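Student: One predicted model, sequence on top.
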Amino acid sequence: MKKIMILLQVSILFISLSADMKKQNMASLELIIKTDKKDAVYKIGEKINFSAVFVKDGKAVPGKKLNYIIERDGSETLKGEIVSAEKPVLMETFLEKPGFALCTVSFTDNGKEIKSFAGAGAMPYEIKPASSCPDDFDKFWSEKKALLNKIPLDVKREKVETPVEFRGKLECFEVKADCGEWGQVSGYLVMPVNAAKDSLPGIVFYQSAGVLSVNLKYICDRSGGNKIAFGVNAHGIDNGRTAEYYKNVSREKLEGYSYFNMDDRDKTYFIGMFLRAYRALQIVKSLPEWDGKTLIAFGGSQGGGQALAATALDSDVTFCVSRISALCDHHGIFEKRKSGWPQFIKKAKKMDVDKVADAVRYVDVVNFARRINVETVMTVGFIDRTCSPASVFAAYNSIPEGKKTMICSPEAGHGSVPSDVEKKIDEKLNEHITRK
């Protein structure tokens, strides 16, 4: 019996070691996909060369079968197979109209897959929104704002514990304000201790997608110790609760929230979100410490869409930062382009597509972008598979000519923003505050 147990233990150890070795082997493998231009920007009809090299432990590995897919805005998707070599293997394509191509190369071994991506744009600054703006867009939003403004700005502010590293420097508050049928604004408000009246610029941070608390430490850090910083919950729910609380809210009330009532322009979920974004700016403007001249809207992904919408809705906003914006160019799919998150039309299979297509124009960020007349900084990742680069450019190109900046990251996807991009954003932000 003892001998059997020893053999069993040895077998288990062998299996475990084999599994670990497979993981290590896969971890040491790498697919490197690049374009032949560093900025990955081309002309219409110009040849785009994607190259792929399969690497193990830093050395090229020849003879491996690799599958590739090249998705092309406005054109058919290309699929094929290449064999790795000592030198990078080329995959050629081009674009027939302004847009982007996304190259995905994959390798599968024992059921495990490695994928890498590269993106390229053809005349991205010529990308136009796929739909026109509704004739009654301004009237529609003026009426919504008027309804919200009938609700008194009754701000409830309760002091909360300041994170250890900011104690003595900042004071923090949980803030709530009624928005009637659109719920409430909720979030964390941060400002320097003993701030003087009319002394501080204001900045509102809007949340990306998901159901979670505002991150108080992040808001404290981003305040820089010299601003009113207001981190707004996208859904107006409580902040600072347990992870279980947010799981339950997501599952029971907000699962699939982005598609709620998407065939009804008056009840589409983002109507309420954008109005709460607008009311959040009103809250900052109501504070005696606000300097009365500097008001910044800032967000990424879903928050980037909110920032652009809020900037268009409130003429007091002086500067906007929208990183990898969601909610752009909902009709892009009709032009054989990938629409921005949440891709309403693609999800409307069991609904009246025409009704959905009409309703979502009123929450398409490209239509808010058309109305922005202040300095705006946007960012885009060429391999972003959530907020497609073409959709982000459709919004950016809709902002009237003026002081606007697009920061491109050819090798970036969705998620964390590259440090060099963060640095450029902060430089622009600080320049604006200094000028004001």
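Tutor: Received it, and whenever you're ready, just let me know what you need. Numbers count the residues shown, from 1 in each chain.
Student: Just the pLDDT for the residue nearest to C103 when sequence neighbours are not counted.
Tutor: With sequence-adjacent residues excluded and distances taken as CB to CB, 6 or more residues apart in numbering, C103 is closest to F50, at 4.3 Å. Just so you know, the C-beta spots here come from the backbone N, C-alpha and C atoms, and that holds for glycine as well. On the pLDDT scale, F50 is placed at 98.
Student: Ok, V417 next?
Tutor: 82.
Student: Buried residues of stretch 256-270, list them for me.
Tutor: Y257, S258, Y259, M262, D263, R265, T268, Y269, F270 (16 or more other CB atoms under 10 Å).
Student: My error: substitute stretch 134-143 in the last question.
Tutor: Within stretch 134-143, judged by 16+ other CB under 10 Å, the buried ones are F137, F140, W141.
Student: Likewise for stretch 287-298?
Tutor: Buried residues in stretch 287-298, counting neighbours by 16+ other CB under 10 Å, are found at L287, E289, W290, D291, T294, L295, I296, A297, F298.
Student: Give me the contacts around that stretch.
Tutor: With contact meaning CB atoms under 8 Å, 6 or more residues apart in numbering, stretch 287-298 is reached by 191, 195-206, 222, 228, 277, 281, 284-285, 306-308, 310-311, 314, 316-321, 429, 432-433, 436.
Student: follow-up on the earlier one: any idea how far the residue nearest to C103 is from I82?
Tutor: 10 Å (CB to CB, to the nearest Å).
Student: quick one: which of these two has more around it?
Tutor: The residue with more neighbours, out of F50 and I82, is F50; 26 against 16, by other CB atoms under 10 Å.
Student: That one and L90 touch, don't they?
Tutor: Yes - using CB atoms under 8 Å, F50 is in contact with L90, at 7.1 Å.
Student: What segments of the stretch 101-250 of the chain are helices?
Tutor: Applying DSSP state H, counting those that start in this stretch to the stretch 101-250 of the chain gives helices spanning 137-149, 216-223, 243-249.
Student: Nearest to V185 among the ones you listed would be which one?
Tutor: helix 137-149 (10.5 Å; CB to CB).
Student: could you dump the closest one to CSV, C-alpha only?
Tutor: Extracted in CSV, the C-alpha atoms of helix 137-149 (Å, rounded to 0.1, in the frame of the first residue of the first chain):
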residue,chain,number,x,y,z
PHE,A,137,-31.2,67.0,-31.2
ASP,A,138,-30.8,70.4,-29.5
LYS,A,139,-34.5,70.7,-28.7
PHE,A,140,-34.5,67.2,-27.3
TRP,A,141,-31.6,67.9,-24.9
SER,A,142,-32.8,71.4,-24.0
GLU,A,143,-36.1,69.9,-22.9
LYS,A,144,-34.4,67.2,-20.8
LYS,A,145,-32.1,69.7,-19.1
ALA,A,146,-35.1,72.0,-18.4
LEU,A,147,-36.9,69.1,-16.7
LEU,A,148,-33.8,68.3,-14.6
ASN,A,149,-33.4,72.0,-13.7
